[in-house]
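Enquirer: just the structure for this:
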Amino acid sequence: VPAALLGPALLRRPAALGAAAARCAPARDSHGPPPQGHGSSKAASLHWTGERAVSVLLLGLLPAAYLCPGPAVDYSLAAALTLHGHWGLGQVITDYVHGDVPNKVANVGLYVLSGLTFAGLCYFNYQDVGICKAVAMLWSL
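Expert: Now for the predicted structure:
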């Protein structure tokens, strides 16, 4: 709907919403460097590139696991799957966990979970048949 048809009264923010937004929103300083503790856009871009690289690596590792299973592919899968899951769950935490203390607790839990996942997969690769052989055994059922 064009703004000219709505009229100026409908386009104004209600006073209650304007006051609530002013109380909740932190003051922004568009001049100067970003505050400490916040990543730069270059770091975010590199993280995004890393996520895409791991996703593409996983796409290549899946056929490699079928065609030439072995310890190198098993450990590569363990690392790539753990990192992929860590980043994915990190985004869930970013989107749905609010507040400083719950966010820190969730992130510590995520690092513990990711570390245990990687250790468990490495243990499985070393002590048992490995990821590739285990999936092949499941498919043969």
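
Enquirer: pLDDT (mean, whole number) over stretch 67-87?
Expert: The average pLDDT within stretch 67-87 is 93.

Enquirer: name the residues that touch that stretch?
Expert: Counting contacts by Cβ atoms under 8 Å, 6 or more residues apart in numbering, the residues outside stretch 67-87 that touch it are 51, 54-55, 57-58, 61, 64-65, 110, 114, 117-118, 121-122, 125, 130-133, 136. Where C-beta positions appear, they are placed from N, C-alpha and C, glycine not excepted.

Enquirer: beyond the helix or strand harbouring residue 104, next helix or strand please.
Expert: Of the helices and strands defined by DSSP states H and E, residue 104 is found in helix 100-127. Counting by DSSP H and E, the next helix or strand C-terminal to helix 100-127 is helix 131-139.

Enquirer: mind giving me the packing neighbours of that following helix?
Expert: Applying 3 or more Cβ pairs under 8 Å, 6 or more residues apart in numbering; DSSP states H and E, one finds that helix 131-139 makes contact with helix 41-67, helix 71-96, helix 100-127.

Enquirer: residues of it that come out buried?
Expert: Judged by neighbour count using 16 or more other Cβ atoms under 10 Å, the buried positions of helix 131-139 are 131-132, 135.

Enquirer: cool, stretch 42-55 as well?
Expert: For stretch 42-55, the neighbour count (16+ other Cβ under 10 Å) marks residue 54 as buried.

Enquirer: now swap in stretch 81-97 and tell me
Expert: Taking 16+ other Cβ under 10 Å as the basis for neighbour counts, the residues of stretch 81-97 that come out buried are 81-83, 86-87, 89-90.
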